[in-house]
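In: Starting from these lines, generate the structure:
(6 chains)
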4 protein chains.
Amino acid sequence: MSPTLREKTAIVRRRHVLDAAIRVFAARGYHGATIRDISSEAGVSDGAIYTLFENKAALLLGMLDPLDERGAPEPLRPIDADLDVQGFVRELFRQRWQTLTPETLDVLRVVLSEALVDPSLREILMARVLTPALTLPEAQFSRFVAEGRLRPVDIPTLLRGVTGVFLGLVMLRLLGDPQTCQHWDDVPEQMSALLLGGLVPDGAGGETHDQD
Amino acid sequence: MSPTLREKTAIVRRRHVLDAAIRVFAARGYHGATIRDISSEAGVSDGAIYTLFENKAALLLGMLDPLDERGAPEPLRPIDADLDVQGFVRELFRQRWQTLTPETLDVLRVVLSEALVDPSLREILMARVLTPALTLPEAQFSRFVAEGRLRPVDIPTLLRGVTGVFLGLVMLRLLGDPQTCQHWDDVPEQMSALLLGGLVPDGAGGETHDQD
Amino acid sequence: MSPTLREKTAIVRRRHVLDAAIRVFAARGYHGATIRDISSEAGVSDGAIYTLFENKAALLLGMLDPLDERGAPEPLRPIDADLDVQGFVRELFRQRWQTLTPETLDVLRVVLSEALVDPSLREILMARVLTPALTLPEAQFSRFVAEGRLRPVDIPTLLRGVTGVFLGLVMLRLLGDPQTCQHWDDVPEQMSALLLGGLVPDGAGGETHDQD
Amino acid sequence: MSPTLREKTAIVRRRHVLDAAIRVFAARGYHGATIRDISSEAGVSDGAIYTLFENKAALLLGMLDPLDERGAPEPLRPIDADLDVQGFVRELFRQRWQTLTPETLDVLRVVLSEALVDPSLREILMARVLTPALTLPEAQFSRFVAEGRLRPVDIPTLLRGVTGVFLGLVMLRLLGDPQTCQHWDDVPEQMSALLLGGLVPDGAGGETHDQD
DNA sequence: TATGAATGAGTATTCATTCAT
DNA sequence: GATGAATGAATACTCATTCAT
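Out: Below you'll find the model as predicted:
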C-alpha cells in the first residue's frame, strides 16, 4: 500500500474508490464492470471494496451522493431576487451546466443508464435529483407570471420543458452528437435564448400559446 | 411448405421473438434478462433464438429495425410545403410523438440504457435514429428562415433544441415523472407552443436571441 | 461426454451424480467438498449439477432418499409373528446392520456430521430416519411384554436403548475404533446377546430392573 | 503487571475466548462460524484470537482440553473396590452422565460433527476421549468376571456396548429426540438397569450369551 | 500486546452458447 | 429446422489471516 493511500482516512478512501468506480462504470457500464476492474483502478484489493461499500449496487448509489453535494445546492442558491426573466432563465441554465463536470457526466451516464431499467434506482434518482430540479424553481416562475413578466404558461409544464431541454441535451452529449459536444459551453446561452424569445418573430402572428 | 412460405415463417418467428425480447428487456433490462426469459416469453426453445439471431446482442440491434421502419420514415414524409411555421413545428412534434407507441418506448428504454454505456450501440443509434432526426428538418427550417418566417437562429442549434426537448421528455417519461406520464398526449402541443412563442411576452424586452 | 453417460436418462444421471457426491462428501466433508470436486468425480460439468439439483444443499438432502429406500422398508418387513423375543431382537439388529452398506455408512457420516450442527437437516433426519426406527418396533415389543415374554420395561425407553446401541456403534465405527471396525459383522449378534441376557448371572442378585 | 499475572491473564483470556468459541460453534457449526463471530462473542478483536490460538482449527482442538480435564479424570477415579457389579455399572453411567454439562454437550456437538469427516481430529478424539473410555474400565470388569460376578462376556465387546449406549444416547439427545431430551436425567439409571438385567425374564430360556 | 482494516485466495452459482438428437 | 440438456467461463462476495499502528 502506498504511503499516499495509507494516510487517507476511511472517508477519503471511500471517495477514492468511488472515483475509480465512476471511471470504470462510465467506461464499461455497470454490468460490464467487475469488482476486480474497480479495485484495480483504485489500487486496492477486492475485499477492501466491501469494507467500504455493502455491495456492488452500493457503489452505484454512492455515486449519487456527490451529485447531491454539488448539484442540488446550486439551484437552491437564492438567485438574485430582482433579476429579470431573461437573467433568471439564463442563470438557471448556467448553474445547471456548471454542475456538469466531466465526472458528473460520467455519473449521469451510468446512473441514467441503470435508472432506465431499474425501478428502485429510478425512484432514488427521481427523489434526489429530478424532483428538486422540477419543483425548486416553481416559486420564482410563479412570481414572474404574477408580475406579468412571463407569459401565463402552466408552471409545471414549463419546468418539464426547461428540464427536458437540459436532460435532452445531456443525452445528446452522452450519446456523442458531435455538434453538441463541440459547442457544449455555448449551449446554455443558446437554449435560454431559444426558450425566451421563441421561434416566431414578433408580429408574425405567433400567438400560439393560448392553447390549453 | 414452399421456400417462400418457409422464409416468411422465419421472418414472422423473428418478429415474434423480437417482440418478446422487447417486453423482457424493458422489464428486466438487457443484462437482467436471460435468453431463457426471452425464449419462454416467446414460447420457443433457447436454441431457436440462435437460429434467428446471431447472439444476445443481435436481439438488441434487431430492436432498432422497427424503429427505422416506423420512426425514421415519418419525418421524411414531405410535410405540406406551404404549412406555416407553427403548423410545421406542431406537426413535427406530433409526428415524433406518434412514433412513441408503448412498444417504441420499451425499445427506447432499453436501447438508450445500453447506448449510454456501449459505444458501438451508440454509433448505431446515432446513425440510424438521431442523425436523421437532427438533420432531416434542416431544409424546411432553412427555408423558413430564408423566408423571414422564423427568427434567424442557427439551424443546427435549433434542431438540438427541438430534439433535445423531445429526448428530454422521453427521458422524463421513462424515468417515471408522474406529471409527464399523466399529460403525455398534451406534451407535443405544449412544447411546440412553448418553443414557438417563447417565454417573454411581446414588447417585454424579450429581444434575447441576438447573442451568438 | 462418454457414451456410457450419454445413454443414461436424467434419473440415472441424477443417481450417478449423487453417488459421486456421497463419495466426495464422505472423503472431504460437506464443507470441504467443492462443486468442482463433485462434478469432476462424476465426470460432468459444474453446470450439469445444477440441472439436476437445486443447489449444494439439495445434494445433501438427496443423499437421504436412498436411505429411505433401503433403510426404512426393512424394519417394516413383518418379522415373523411367532418369533420369540431372542429371535426378534436378533433379527432387528441384523436387519439394521444389513442396511449399513459402505455407501450407507458414507451417507451417515456426512448426514450425521451436518445434522449435528444444522437444525433443519436435523429435523429431516429425525422425521425420516430416527422416528421410524424409534417407533415402528413398539408394537411388537408391547406384545412381548403383554405376553410376559419380556420384562415389563418401558417400551420407549427400551427403544432408545436399542437404537442408542445401534447409533453408538455406528459412531464408533465411523470414528474409527479399530475393534469395532474389525469385528463389525459380529456386532449385531454380540449386542443382541448382551441386551437379551443382561450382565448379571441368574441368581446373582441381579434383580435390578424393578426400579421405575 | 507481573509476568505471572500477565501469563495468567493470557490463560484466562484463552479460556474466555474458548468459551465463546464453544457457544458460537455449537450454534452455527464449525464452518458456519466466522472468526468475527467468535471475536464479537468474546468481546475481543479478530487479531487477538491469533495471539491466543494458532488458527481456527486450534480453537476446535482447544475445546477438547476441558473434555480431558473434566471428562477423562472421572473414570479414572478409583471406584470403590468392593462395589458390586450393579453399583459399578450404575456408577459408571452416572459418572459419564455427570460430565455431560450443557457446555460439554456443545463441545461434543461440534467435535463429533467435525471428527466424522476430519481424520486428524478423529484420531485426536479417539486417543484422548474414546480410547480411555473404552479401556479404563477393562480392569474392573475383568475382576468381576474372574470373581464370577459377571457373565463371562468378552470385555472389549462389553465396553463397546456400554460406550455405544452412552454415545448413542448422546447422539439422540444432540439430534433432538424429544423423549431422550426430556428424560435425560433418568437415562443413566434406565440404561444401566437395562444392561444389567437383560430383556428376557429369568427362566425364560434367556441363555443367549454363550455366543462368541 | 491489542486492534481491526486490508488482503486475496477460494467458490457457489449463473447463463450465453453449443450440439446431439 | 427445433429442441433443451450440457457446458464451462465468468464473477460477486466471504472470511481466515496478516500486520502497521
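
In: buried set for stretch A:105-119?
Out: For stretch A:105-119, burial by neighbour count (16 or more other Cβ atoms under 10 Å in any protein chain shown) applies to A:106-118. For every residue, glycine as well, the C-beta is placed using N, CA and C.

In: since we're on A:Ile11, how many residues are nearby?
Out: Look at A:Ile11: counted by other Cβ atoms under 10 Å in any protein chain shown, it has 9 neighbours.

In: nope, A:Gly198 is what I meant
Out: A:Gly198 has 26 nearby residues by other Cβ under 10 Å.

In: what does A:Phe144 give?
Out: A:Phe144: 20 surrounding residues under other Cβ under 10 Å.

In: secondary structure class for it?
Out: Following DSSP: H, G, I helix; E, B strand; the rest coil, the label given to A:Phe144 is helix.

In: Check the gap between the closest residue to it other than its chain neighbours and A:Leu167 for me.
Out: Leaving out its chain neighbours, the residue that sits closest to A:Phe144 by Cβ to Cβ, 6 or more residues apart in numbering or on different chains is A:Leu150, at 3.9 Å. Between A:Leu150 and A:Leu167 the computed distance is 22 Å (Cβ to Cβ, to the nearest Å).

In: ok so, going back, let me know the closest of the buried residues of stretch A:105-119 to A:Gln140.
Out: Using Cβ to Cβ, A:Leu108 is the member of these that lies nearest A:Gln140, at 24.7 Å.

In: so the closest one touches A:Leu174, yeah?
Out: Yes: counting by Cβ atoms under 8 Å, A:Leu108 touches A:Leu174, with 6.8 Å between them.

In: Compute the distance between A:Arg28 and chain B, please.
Out: Separation of A:Arg28 from chain B (Cβ to the nearest Cβ, to the nearest Å): 7 Å.

In: Quick check: buried residues in stretch A:128-143?
Out: Quick answer for stretch A:128-143 (16+ other Cβ under 10 Å): A:128-130, A:132-134, A:137, A:140-141.

In: Give the burial count for whichever residue of chain A sits closest to DNA strand E, as a bare number.
Out: Nearest residue of chain A to DNA strand E (Cβ to the nearest atom of the strand) works out as A:Gly47 at 1.8 Å. Residues lying near A:Gly47 (other Cβ under 10 Å) number 9.

In: if I look at the closest residue in space to A:Arg14 that isn't next to it in sequence, how far off is A:Ser39?
Out: Distances taken as Cβ to Cβ, 6+ apart place A:Leu52 nearest to A:Arg14, at 4.8 Å, with adjacent residues excluded. Computed with Cβ to Cβ, the distance linking A:Leu52 and A:Ser39 is 11 Å.

In: was I right about the residue nearest to A:Arg14 contacting A:Ile11?
Out: No: the criterion here is Cβ under 8 Å, and A:Leu52 misses it with A:Ile11 at 9.3 Å.

In: what sits in contact with each of A:Leu52 and A:Ser39?
Out: Taking Cβ atoms under 8 Å, 6 or more residues apart in numbering or on different chains as the criterion, A:Leu52 and A:Ser39 both touch A:Val17.

In: Just send the buried residues of stretch A:105-119 back as a markdown table, with secondary structure too.
Out: Shown next, in a markdown table, are the buried residues of stretch A:105-119 (three-state DSSP):
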| residue | secondary structure |
| --- | --- |
| A:Asp106 | helix |
| A:Val107 | helix |
| A:Leu108 | helix |
| A:Arg109 | helix |
| A:Val110 | helix |
| A:Val111 | helix |
| A:Leu112 | helix |
| A:Ser113 | helix |
| A:Glu114 | helix |
| A:Ala115 | helix |
| A:Leu116 | coil |
| A:Val117 | coil |
| A:Asp118 | coil |
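
In: quick one on the thing from earlier: for the residue nearest to A:Phe144, which three-state class applies?
Out: Following three-state DSSP, A:Leu150 is assigned to coil.

In: okay, and for chain A, where does confidence drop off?
Out: A:1-8, A:67-82, A:199-200, A:202-212 (pLDDT under 70).

In: near DNA strand F, which residues of it?
Out: A:6, A:33-36, A:46-47, A:50, A:55-57 (Cβ under 7 Å from any atom of the strand).

In: repeat that with 10 Å
Out: A:1, A:3, A:6-7, A:28, A:30-39, A:45-51, A:53-59 (Cβ under 10 Å from any atom of the strand).

In: Grab the nearest non-local neighbour of A:Leu64.
Out: Closest residue in space to A:Leu64, ignoring its immediate chain neighbours: A:Arg128 at 6.0 Å, by Cβ to Cβ, 6+ apart.

In: That neighbour against A:Met63, yeah?
Out: No: using Cβ under 8 Å, A:Arg128 is not in contact with A:Met63, being 11.4 Å away.

In: Can you get me a residue count around A:Ala147?
Out: Slight slip there: residue A:147 is Glu, not Ala. A:Glu147 has 9 nearby residues by other Cβ under 10 Å.
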